[in-house]
Structure formats: C-alpha cells, structure tokens
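Asks: whatever this is, show me its structure:
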Amino acid sequence: MSRIRVAVIGLGAISRTAHLPLIARNAEQFELAALVDLSAERAAGVAARHGVPGSACFRSAAELAEAVEAGRLAVDAAILATAGSHGADTLRLVQAGIRVLAEKPLSYSLAELDALRDAAGSRGIDLADWVRVGYMKEYDPAVARARELLDGVELRAVRVEVMHPLDGAQLAFAHLPAPPADVSGDALAAATATTAAVVDGAVGAELPARLRTLYTNVILGSIVHDIGVLRQLTGGLGEVRIAEHWGARMPGSLHLRGRLARDETPWSIDWHYIDGYPQYRETITFHHEHGTIELEFGVPYVLNLPTVLRVTSAEPGLGATVSESRWMQEEAFENELQALAALVRGERPAGASVDEAEADVRTGQRMLRALARSEDVPLDSRSEAGAAMYIQN
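Replies: Model (predicted):
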C-alpha cells in the first residue's frame with residue numbers, strides 16, 4: 001500500500017510535540033497531506049517546515065472535508081486535535097471518507113455521541129471501524145503488561161495521584177512559538193460557542209462556572225485519561241461516593257472516591273494543579289492480596305519518556321521483591337498512530353471508539369453529580385447530568 005495520507009487538524013502543543021514529529025519519524029509509512037488551524041499564520045509556518053503546499057492548508061475540518069469530497073485533495077486519515085468537543089467534526093470527516101483519531105474528549109455530552117451514531121448508522125457506517133479516541137495510555141506497553149499482571153488478581157484498592165504543574169513548565173523544552181495573533185475574535189467566539197452549547201446540554205447552562213470548568217478542563221480534560229486506563233484494566237469506575245474540591249486558585253485540587261463497576265473494590269483519585277510543582281507526575285496503583293502493581297507516567301509531551309511499571313511481590317519468609325520495567329524503544333503516541341494506520345487498512349485495532357467514549361462521559365457526569373451534591377448545588381433537571389441525578393433520587 002502507498003503511504004497513508006494524514007491531515008492534522010489543530011496545531012497546538014500536542015500536535016507540534018507529538019503528532020507531527022511522529023508522522024515525520026515514520027515518513028516511509030505516512031505522508032503529511034494537509035493542515036488545519038484557525039490561524040493561517042501558524043498553518044503556513046508549520047506547512048513550510050513540513051513541506052505541505054499552501055493549497056492543503058485550511059481553517060476548519062469542514063473546509064478540509066469539502067476539498068476531499070470535491071476531489072481537490074486526497075486524505076486517508078485525520079488527527080483531530082482542536083480544542084473543545086470533537087463530535088461534530090468527527091462526523092463530518094467520516095462522512096468525507098476519512099478515518100479519525102480524535103484527541104480526548106470525543107465529546108462533552110451523550111447527545112453529541114448519539115447524533116454521531118445516528119448519522120453514521122443512516123449511512124451504514126460502523127464507527128468502530130472509523131474512529132479512535134486519543135487515549136495514548138491505552139497504547140503504552142507498560143499498561144499492556146499491567147493488564148496481563150492484573151488478570152485474575154483479587155484487588156484490594158486502586159489509587160490514582162496526579163501532580164500537575166503549570167502547562168508551560170511541561171512544554172519549555174519544546175520552544176514553541178508565541179500564540180498567533182491573526183485569529184479574529186469572531187472566529188474564536190464561534191468555536192467557543194459550539195462547544196458551550198454541547199456543554200450546556202450536558203450539565204446545564206446555569207451551572208456555576210467553577211463546576212463547569214472542573215467538568216470540562218479537569219474531569220474530561222485530564223482525569224479522563226485515568227478513567228480510560230481504569231476502564232481498560234478493571235472494567236471501569238462505577239459508583240462515585242465522595243467528591244471534594246479545594247484550593248485557592250483554579251483549578252485547584254480534586255478528590256474523588258468510589259467503587260469499581262465490577263465489584264466493591266474501592267478506588268480513589270487525587271488530582272492537584274500546583275503552579276510551582278517541580279515536575280508532572282501521575283501514578284496509578286493497584287494493591288492486591290499478594291502485593292502491588294504501580295504505573296508511573298511522566299510528562300506526556302516528551303516522546304519516548306518511558307512509563308515505569310513497578311511490581312512489589314512477596315518472597316518466602318519475610319522477603320519482598322520490587323522490580324521495575326521500562327520500554328525505552330516504544331512510544332505510546334507512535335503505537336496510537338499505528339492503530340490509525342490499521343483503521344485505514346480496514347482492520348479493527350484495539351483502542352477506544354465511540355462506545356468507550358460514551359462510557360467515559362457517563363463516568364465524568366457521575367463525578368460532576370458527586371461534586372454538585374457535596375456543595376449543595378442543584379443541577380438542571382433538563383441537562384444530561386441533572387436528569388440522571390433526579391432519576392437516581
């Protein structure tokens with residue numbers, strides 16, 4: 001097969017530190033065929049560095065899809081890395097015959113996922129053959145090995161801890177240029193309004209801004225990676241019993257606690273955004289009847305920074321063994337890119353698609369409901385999260 005023609009939509013930090021370098025690193029297999037960004041200036045700069053013609057630069061996913069449908073451009077797959085909700089753009093790309101890897105979250109609402117399914121179903125499209133969600137940790141070899149080790153293990157507790165410094169502290173190494181100045185206020189407002197309408201349906205237009213931000217930026221913007229990993233390794237998070245938020249500055253700290261969906265094993269998530277924290281750190285710990293299995297993730301923007309798998313097990317007598325494994329030659333984002341290639345070839349690779357994205361949105365809404373209960377904040381009964389709360393009550 002000839003090289004897979006890939007469009008990158010949204011040229012922010014994750015595209016410039018991960019997706020674009022990996023497409024270039026795998027140039028024998030992939031061709032960077034098109035670029036999309038609200039900023040024509042930024043798109044032109046990236047295009048010049050990567051040899052993409054100006055005729056293959058666009059302002060929106062819809063413009064790209066129209067060019068493909070008109071036969072002006074050939075694209076096999078797209079990496080959708082824009083800010084906000086991705087449901088509508090994913091559908092438009094699939095309708096144009098383009099396989100999609102959409103960065104998380106695929107959507108902030110269940111309604112948008114239902115619309116995506118309905119429209120695809122009317123065309124006889126099975127989205128599991130067309131769409132993957134950008135949970136790169138699902139493609140991490142350390143996570144795959146942890147899954148093997150957890151098979152048949154009787155868990156006692158699951159714990160997640162995330163220490164999140166300022167975004168700039170994680171990206172200083174990349175020397176990214178300043179944000180572009182050529183995006184009009186109207187264009188930004190239109191993009192923001194589209195996602196805002198989706199969020200309104202999910203959690204209600206009157207939800208206090210702080211809780212709304214925790215839902216979009218923290219729960220479905222960051223913690224969703226852990227939700228996805230735990231869905232993959234344990235079958236998913238079930239009941240959310242406790243939720244607390246604190247901290248003088250947003251987004252502050254978030255504590256969540258509940259029980260796994262498959263049994264009564266307790267889980268907890270502690271997420272802390274601390275401006276001056278020295279380095280991003282994320283750990284997922286599984287305590288079981290005979291020891292501990294721990295995953296320690298590093299800065300996600302740094303390629304080939306291996307996840308550490310740490311296993312503690314008992315030895316005869318009073319002894320204990322602690323082993324550490326690292327996969328230096330595998331990159332999770334690169335494995336994710338290979339999964340996108342498999343979609344183009346007509347295969348069905350492992351990884352989250354629309355059904356898994358729905359499960360994660362439902363978990364995120366349970367977390368929001370727990371937060372609202374803890375602060376005595378009513379949820380609009382017409383919203384998805386609010387309707388579920390009143391049904392439960």
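Asks: please count neighbours and contacts with C-alpha atoms only from this point.
Replies: Noted.
Asks: pLDDT weak spots in the protein?
Replies: 1, 389-393 (pLDDT under 70).
Asks: which residue is nearest the centroid of it?
Replies: Lys104 (2.8 Å; CA atoms, centre = their mean).
Asks: which ones are touching that residue?
Replies: Contacts of Lys104 were listed using CA atoms under 8 Å, 6 or more residues apart in numbering, and they are 133-135, 220-221, 224.
Asks: mind redoing it with 7 Å?
Replies: Counting by CA atoms under 7 Å, 6 or more residues apart in numbering, Lys104 makes contact with 133-135.
Asks: same deal with Gly258?
Replies: Neighbouring residues of Gly258 by CA under 7 Å, 6+ apart: 239-242, 266-268.
Asks: separate out the buried members of these.
Replies: Buried by 16 or more other CA atoms under 10 Å: 239-241, 266-268, out of these.
Asks: give me the number of residues near Ile274?
Replies: 19 (other CA atoms under 10 Å).
Asks: how about the one 5 residues further on?
Replies: Residue neighbour count, defined by other CA under 10 Å, stands at 15 for Gln279.
Asks: where does it fall, secondary structure wise?
Replies: Assigned by DSSP states H and E, Gln279 belongs to no helix or strand.
Asks: quick check on the residue lying closest to it once chain neighbours are set aside: phi, psi?
Replies: Leaving aside its chain neighbours, Gln279 sits nearest to Pro165 (6.4 Å; criterion: CA to CA, 6 or more residues apart in numbering). Phi and psi for Pro165, reported as degrees, to the nearest 10, are phi -80, psi -180.
Asks: so Pro165 sits right up against Asp275, yeah?
Replies: Yes: using CA atoms under 7 Å, Pro165 makes contact with Asp275 at a distance of 4.9 Å.
Asks: those two: which is more packed in?
Replies: More crowded of Pro165 and Asp275, by other CA under 10 Å: Pro165, with 18 against 15.
Asks: against Leu305, how distant is the more buried one?
Replies: For Pro165, the distance to Leu305 (CA to CA, to the nearest Å) stands at 18 Å.
Asks: wait, what's in contact with the residue lying farthest from the centre of the chain?
Replies: What lies farthest from the middle of the chain is Gly317; by CA atoms, centre = their mean that is 44.0 Å. Gly317 makes contact with no residue, according to CA under 7 Å, 6+ apart.
Asks: and it, that one's in a helix?
Replies: No: counting by DSSP: H, G, I helix; E, B strand; the rest coil, Gly317 falls outside a helix, being coil.
Asks: thinking again about what came up before, Ala48: which of the contacts of Lys104 is nearest?
Replies: Comparing the contacts of Lys104 against Ala48 with CA to CA places Gly134 closest, at 26.3 Å.
Asks: and the closest residue in space to that closest one that isn't next to it in sequence, what is it in contact with?
Replies: Using CA to CA, 6+ apart and skipping residues adjacent in sequence, the residue nearest Gly134 is Glu103, 4.2 Å away. The neighbours of Glu103, taking CA under 7 Å, 6+ apart as the test, are 80-81, 133-134.
Asks: mind doing that once more with 8 Å?
Replies: So Glu103 contacts 79-82, 86, 133-135 (CA under 8 Å, 6+ apart).
Asks: let's see which of the residues you listed end up in strands.
Replies: 79-80, 133-134 (DSSP state E).
Asks: count the neighbours of Gly318 for me.
Replies: That one is not Gly; residue 318 is Leu. 6.
Asks: which SS class is Pro349?
Replies: Once three-state DSSP is applied, Pro349 turns out coil.
Asks: grab the nearest non-local neighbour of it.
Replies: Pro349's closest residue in space is Ala339 (CA to CA, 6+ apart), at 5.8 Å.
Asks: do Arg262 as well
Replies: Gly235 (6.5 Å).
Asks: would you confirm that that neighbour contacts Arg259?
Replies: No: counting by CA atoms under 8 Å, Gly235 does not reach Arg259; the two are 11.5 Å apart.
Asks: neighbour-wise, which of those two wins?
Replies: Between Gly235 and Arg259, counted using other CA under 10 Å, the more crowded position is Arg259 (19 against 14).
Asks: thinking again about what came up before, for the residue farthest from the centre of the chain, phi and psi?
Replies: The phi/psi pair for Gly317 (degrees, to the nearest 10) is phi 70, psi -130.
Asks: quick one: it from Leu188, how far?
Replies: Gly317 is 64 Å from Leu188, by CA to CA.
Asks: not counting stretch 320-340 itself, show me its contacts.
Replies: Against stretch 320-340 from outside (CA under 8 Å, 6+ apart): 18-19, 22, 77, 99-101, 132, 134, 136-142, 303-315, 349-351.
Asks: report the buried members of these.
Replies: 18-19, 22, 77, 99-101, 132, 134, 136-142, 303, 305-312, 349, 351.
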